[in-house]
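Student: model this:
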Amino acid sequence: MPEWLHEAGIGEERAILVEGGTILAARIDWGEPLRPGLVARARIVRRLAGTRRGMARFADGTTAQVDSLPPEATEGRDLLLRVTRASIAERGRTKLAQARPAGADEAPRPAPTLLHTLADEDHPVRAMPATDRRFDEAGWHELVEEAMSGEIAFPGGSLTISPTPAMTLIDIDGSPPLPGLALAAVPAIAAALPRLDIGGSIGIDFPTLSERKDRQAVDAALTSALAGWRGERTAMNGYGFVQLVARLERPSLVARFARDPVGAAARILLRQAERVSEPGVLLLTAHPAVLRAVSPAWETELARRTGRAIRRHEQPGLALAAGFAQAVPA
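Tutor: Sure, this is the predicted structure:
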């Protein structure tokens, strides 16, 4: 039976849905201030004339788009809102968080943690210490590499996943025959959606298939592979394009890492540091930008969790994701 494994890391929560030693789905939460489930008061700073939509500013200064505003929610008025979608940061721009007026029976409350969110789903949840090996045994490092590169290999070809302001695009590359390549890509696409937590509008650019029967075969394969997936899709058009649409509540792993690769690398480094078992001072070696992204609060938490002194060593020649942690003599 699939089981969620959860780690409360430094600067992030992370979880993987595992069955038979394989990661079926993954989630990452970086603790953004506006997350689904938050109920808080905010001030309407703009109302779009003739609509029920507008903009609201919360007490911490963050802004959200608001839908379903009542007539009395004029500019300058405070309103109790419930956040329904986190902000989605992509290359080039950031989509604001979305909110709606809270129900009459709702009271202000913080956004649930990832651990609490998973507890409301259908699978059992187990909280794991960061020193446990089950994340790594299931393929966490490989998953992170896929999220950072946006590239996934499958027999006969590869997928390139690119977050854009309009949608997440999935491109398929490989060798002919093209009908076989398109069919081989279908299982990889179906697996990538939950593994990389991809939702919203998704465009799949299959190879152009001139024969209608070949396009129908891909459509049938998608129907089978996406059984149980919550969303809608179009049939393949004559150019090989298929669009999927699913509920979007948070940025995908690919979108997070594409927008903030330095922050992602800093969190990866901190996870490595927590897992160092040899005695001694913890030495963090990384690109200068990555070390700058390790905030004083994060370093203090690392020292508290490990009971060690922390040192830093800048190495400009390292790639962002190539930092490492090790124990050295005091």
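Student: Okay, helices next: where are they in this protein?
Tutor: Assigned by DSSP state H, the chain shows helices spanning 114-119, 134-138, 140-149, 178-195, 212-225, 253-259, 261-274, 288-293, 296-306.
Student: I'd like the average pLDDT over the longest one.
Tutor: The reference is to helix 178-195. Taken as a whole, helix 178-195 has a mean pLDDT of 97.
Student: who touches residue 248 in this structure?
Tutor: 85, 88, 199, 200, 201 (C-beta atoms under 8 Å, 6 or more residues apart in numbering). The way it works is simple: take the backbone N, C-alpha and C, and place the C-beta from them, glycine included.
Student: Next: residue 94.
Tutor: Residue 94 touches 87, 88, 259, counting by C-beta under 8 Å, 6+ apart.
Student: 7 Å instead?
Tutor: Neighbouring residues of residue 94 by C-beta atoms under 7 Å, 6 or more residues apart in numbering: residue 87.
Student: got it, and residue 237?
Tutor: Taking C-beta under 7 Å, 6+ apart, we find residue 237 in contact with no residue.
Student: Lowest mean pLDDT among the helices and strands of this protein, which one is it?
Tutor: Within the chain, confidence by mean pLDDT, DSSP states H and E is lowest for strand 88-90 among all helices and strands, at a mean of 68.
Student: The nearest residue to residue 27 once chain neighbours are set aside and residue 149, how far apart?
Tutor: Spatial nearest neighbour of residue 27, excluding adjacent residues (C-beta to C-beta, 6 or more residues apart in numbering): residue 15 at 4.7 Å. In this view, residue 15 and residue 149 are 21 Å apart by C-beta to C-beta, to the nearest Å.
Student: higher neighbour count, these two?
Tutor: residue 15 (25 against 14; other C-beta atoms under 10 Å).
Student: Hmm, residue 4 and that one touching each other?
Tutor: Yes - here residue 15 reaches residue 4: they are 5.4 Å apart, a contact under C-beta atoms under 7 Å.
Student: Need the overlap of contacts for those two.
Tutor: Taking C-beta under 7 Å, 6+ apart as the contact rule, residue 15 and residue 4 both touch residue 118.
Student: Next, find the distance separating residue 155 from residue 179.
Tutor: Counting by C-beta to C-beta, the gap from residue 155 to residue 179 is 15 Å.
Student: Distance across stretch 271-287, terminal residue to terminal residue?
Tutor: By C-alpha to C-alpha, to the nearest Å, the extent of stretch 271-287 from end to end equals 16 Å.
Student: Let's test this: mean pLDDT of it, rounded?
Tutor: The average pLDDT within stretch 271-287 is 96.
Student: How about stretch 1-13?
Tutor: Averaging pLDDT along stretch 1-13 yields 95.
Student: circling back to that earlier point, ok, residue 155 and residue 179, which is more surrounded?
Tutor: For residue 155 versus residue 179, the count of surrounding residues by other C-beta under 10 Å is larger for residue 179: 18 against 9.
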